[in-house]
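Colleague: what follows is a protein structure lacking sequence information:
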């Protein structure tokens, strides 16, 4: 309704109201359109200038004005925030949620970005010194010691800054210059040394470079050992591990007189606590391995031997004893051993004494060596009865073998060719006793143990327990110079016991040779590994002789085929190993010994041969005629002739300045030096010329006899 002056006093359209006699649109929710009608705003607008949602000028309470496009938004979408004027504004492009338009106003981040609470920025968090907190999904600072980490604690490091190293034990970053740690240059980590090392280069016990107090660096292995090892002790003042004197196994100080225990080759001398070899006269080793001074009564032997004197009789005294005294001494020593069957040390002392007696014995009296062999037989029998599980018999077995070696050396050196019954018997006994010693060494062994080697200057023995199935192709090499033996396939394998004892014996020097020729033969025997009873193994064998040990070559045993290997070694292939058993070899030695040839039949053949055909007979006749003629001459015309006396007289007459010619001097030298001519030319006040002629004759006859020049070749060959 309008008045006459065209002023409205009442508005009828919705959304209008009068103001100054005009109809206007109400403030909220309407706007005046181009037709001057009030039109309702978009529902999102509180006030607007048009009907579109982007024509708002203000917003309802639940919405917020967004000035970028004049819309009213709820403002709860990513990338927007409500400012202080309740306007909805866009966050910084780095922020998914924010409180302002700056990159430091973020409260939440887009994918692959993480909120850093330190300045409310969104980061990729793949930079040093930061980590992603998977619970809060924030990018947080590592501990200052960490370059990379999984948490904010110093034990959450995964990588470290320069000069720091990750210790995987608690994931901390350390300088790693502290005791007990080392830098692993491959992983660049700080790792624990082995617990025995104070400083190290690795985590193994063999990579130590320094040790803790009370430990010792072992040279060569870079290991830190506790100071309870042989050769070291703990200094009670410094607490450090110190090395004993080299002679001490255990000690209380560094001096050689501060030993408490000695190594096997030395013995404690209580007089000054030193470790001595105890191999000087006047001292002996007792049962407790101590070096004890001998009783003065042991310095001589008057026919009675005390147990304490077995090791105390000086070698100089032994060499003065007669054969009967040496035999008596040997018998008494064995008696002492038999009287104390539990004293292994006494047995070892007795074996050592037997060896010394054998060394001073002389083959001109075989009874002494025979007594030693008897004593050795008794000692070995004593060894057989001992329990090898409770006492160590290794030293006693070796000493017995050494004594056998001494006897064999005496026999071969003094009777090469074996001319006496004792020499042949000594060889037989040696093989027999070596077989027993082999059994003793194997009694407590298993087939997993290494072979038992008994090595002496005269022989070497190889013993082993093997499964019968392992005999085929088994190779035996007892020493560098011994023949190598390879067994063939046993023909009776099904009849063999499960465990077999194999014994190989090789004499290093041929007892039948007089020129130190190495022996080519050996013996090999087999026994039941459980009962040690002899068994027979039917198999072939191949024997290899190296050119280094047998430079003169080898003639194979009868029945064996000889061949040459590519390296020049001689190989002997034998179809039957029995040619090398003990019986066969001993029989072969006897058949080739001089004793075999010295028989009544051989002696009778000397008289059946025509002696006049041998020039030696005429040599004897000539020497005999010369002796008779010489005796006549020197008893008559040549009785007092002396060339030296005549020469001196000649020089006295012609003066001291006179010199004989060189020819004359040579004539004098020849006459004086030749044993036959000197008989006529020189006069000896101590022995007459006829006696000297007789001595020369006897010597010549002796040479003929000892070279067996009277024995015809046919006798020797037979």
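Modeller: Structure's in. What do you need? Just so we're clear, the structure is a prediction, and the values are computed from it rather than from any experiment. Numbering: from 1, shown residues only.

Colleague: now do the SS call for residue 632.
Modeller: With DSSP: H, G, I helix; E, B strand; the rest coil as the basis, residue 632 sits in helix.

Colleague: that one: neighbour count?
Modeller: Using other C-beta atoms under 10 Å, the number of residues around residue 632 comes to 12. All C-beta spots, glycine's among them, are computed from the backbone N, C-alpha and C.

Colleague: ok, now how distant is it from residue 639?
Modeller: Residue 632 sits 11 Å away from residue 639 when distances are taken as C-beta to C-beta, to the nearest Å.

Colleague: go on, residue 160?
Modeller: For residue 160, the distance to residue 639 - C-beta to C-beta - is 117 Å.

Colleague: could I get the phi/psi values of the nearest residue to residue 157 once chain neighbours are set aside?
Modeller: Closest residue to residue 157 apart from its sequence neighbours, by C-beta to C-beta, 6 or more residues apart in numbering: residue 146 at 3.7 Å. For residue 146, the backbone dihedrals (degrees, to the nearest 10) come out as phi -100, psi 140.

Colleague: what sits opposite residue 146 in the beta ladder?
Modeller: residue 160 (DSSP bridges).

Colleague: give the residue spans of the stretch 251-400 of the chain that score low on pLDDT.
Modeller: The stretch 251-400 of the chain contains residues with pLDDT under 70 at 341-342, 361-365, 388-390.

Colleague: and the strands in it, which stretches?
Modeller: Assigned by DSSP state E, counting those that start in this stretch, the strands in the stretch 251-400 of the chain fall at 259-262, 267-269, 274-276, 283-285, 291-293.

Colleague: what are the contacting residues of the fourth one?
Modeller: I take that to be strand 283-285. Strand 283-285 is touched from outside by 267, 269, 276, 278, 291-294, 308, 310-312, 345, 349, with contacts defined as C-beta atoms under 8 Å, 6 or more residues apart in numbering.

Colleague: same question, the second one
Modeller: With C-beta under 8 Å, 6+ apart as the test, strand 267-269 has contacts from 259-262, 274-278, 283, 285, 289-291.

Colleague: flag every buried residue along it.
Modeller: Using 16 or more other C-beta atoms under 10 Å as the test for burial, strand 267-269 gives 267, 268, 269.

Colleague: still on that earlier bit, any quick ChimeraX command for the buried ones out of the contacts of strand 283-285?
Modeller: Here is the ChimeraX command that selects only those of those that count as buried (16+ other C-beta under 10 Å):
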select :267,269,276,278,291,292,294,308,310,311,312,345,349
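
Colleague: a markdown table for the contacts of strand 283-285, including distance to residue 465?
Modeller: Shown next, in a markdown table, are these (distance: C-beta to C-beta, whole Å):
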| residue | distance to residue 465 |
| --- | --- |
| 267 | 34 |
| 269 | 41 |
| 276 | 38 |
| 278 | 36 |
| 291 | 37 |
| 292 | 39 |
| 293 | 44 |
| 294 | 42 |
| 308 | 39 |
| 310 | 34 |
| 311 | 34 |
| 312 | 40 |
| 345 | 28 |
| 349 | 30 |
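
Colleague: between the contacts of strand 283-285, which is closest to residue 53?
Modeller: Checking these against residue 53 with C-beta to C-beta, the nearest one is residue 267 at 113.5 Å.

Colleague: quick check: the gap between that closest one and residue 539.
Modeller: The gap separating residue 267 from residue 539 is 48 Å, by C-beta to C-beta.

Colleague: ok, residue 194 next?
Modeller: The gap separating residue 194 from residue 539 is 53 Å, by C-beta to C-beta.

Colleague: what of residue 177?
Modeller: Separation of residue 177 from residue 539 (C-beta to C-beta) stands at 69 Å.

Colleague: what of residue 416?
Modeller: Separation of residue 416 from residue 539 (C-beta to C-beta) stands at 34 Å.

Colleague: thinking again about what came up before, neighbour-wise, which of residue 194 and residue 539 wins?
Modeller: Set residue 194 next to residue 539 and count neighbours by other C-beta under 10 Å: residue 539 wins out with 21 against 17.

Colleague: that one contacts residue 490, correct?
Modeller: Yes - between residue 539 and residue 490 there is a contact at 4.6 Å, judged by C-beta atoms under 8 Å.

Colleague: between the two, what contacts are shared?
Modeller: Shared contacts of residue 539 and residue 490, defined by C-beta under 8 Å, 6+ apart, comprise 471, 472.

Colleague: and residue 641, how many residues sit next to it?
Modeller: Residue 641: 15 neighbours (other C-beta under 10 Å).

Colleague: what of residue 418?
Modeller: By the criterion of other C-beta under 10 Å, residue 418 has 23 neighbours.

Colleague: correct me if wrong: residue 196 contacts residue 208.
Modeller: Yes - between residue 196 and residue 208 there is a contact under C-beta under 8 Å: 6.6 Å.

Colleague: out of the strands of the stretch 251-400 of the chain, which comes closest to residue 246?
Modeller: Among these, strand 274-276 comes nearest to residue 246, with 9.3 Å by C-beta to C-beta.

Colleague: what helices or strands is that closest one leaning on?
Modeller: strand 259-262, strand 267-269 (3 or more C-beta pairs under 8 Å, 6 or more residues apart in numbering; DSSP states H and E).

Colleague: tell me which strands it pairs with, and in which orientation.
Modeller: Applying DSSP bridges, strand 274-276 is found paired with strand 267-269 (antiparallel).

Colleague: surely residue 694 is in contact with residue 627?
Modeller: Yes - with contact defined as C-beta under 8 Å, residue 694 counts as touching residue 627 (6.9 Å).

Colleague: overlap of the contact sets of these two?
Modeller: Common neighbours of residue 694 and residue 627 (C-beta under 8 Å, 6+ apart) do not exist.

Colleague: could you chop the chain up by domain?
Modeller: Domain assignment for the chain by automatic domain parsing gives 16-89, 439-585, 611-716.

Colleague: distance to residue 422 and mean pLDDT added to those domains, as a markdown table?
Modeller: Output for the domains of the chain, formatted as a markdown table (distance: least, C-beta to C-beta, whole Å; pLDDT from 0 to 100):
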| stretch | distance to residue 422 | mean pLDDT |
| --- | --- | --- |
| domain 16-89 | 118 | 84 |
| domain 439-585 | 13 | 91 |
| domain 611-716 | 19 | 74 |
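
Colleague: would you list the ones you listed in JSON lines and tack on distance to residue 393?
Modeller: As requested, the domains of the chain are exported to JSON lines (distance: least, C-beta to C-beta, whole Å):
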{"stretch": "domain 16-89", "distance to residue 393": "93"}
{"stretch": "domain 439-585", "distance to residue 393": "6"}
{"stretch": "domain 611-716", "distance to residue 393": "45"}
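
Colleague: how about the strands of the stretch 251-400 of the chain in TSV, adding distance to residue 302?
Modeller: Formatted as TSV, the strands of the stretch 251-400 of the chain follow (distance: least, C-beta to C-beta, whole Å):
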stretch	distance to residue 302
strand 259-262	33
strand 267-269	28
strand 274-276	28
strand 283-285	19
strand 291-293	20
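
Colleague: which outside residues touch stretch 478-498?
Modeller: Contacts of stretch 478-498 (C-beta under 8 Å, 6+ apart): 453, 455, 460-462, 467-469, 471-477, 504, 506, 508, 518, 520, 522, 524, 528-530, 535-546, 548-549, 577.
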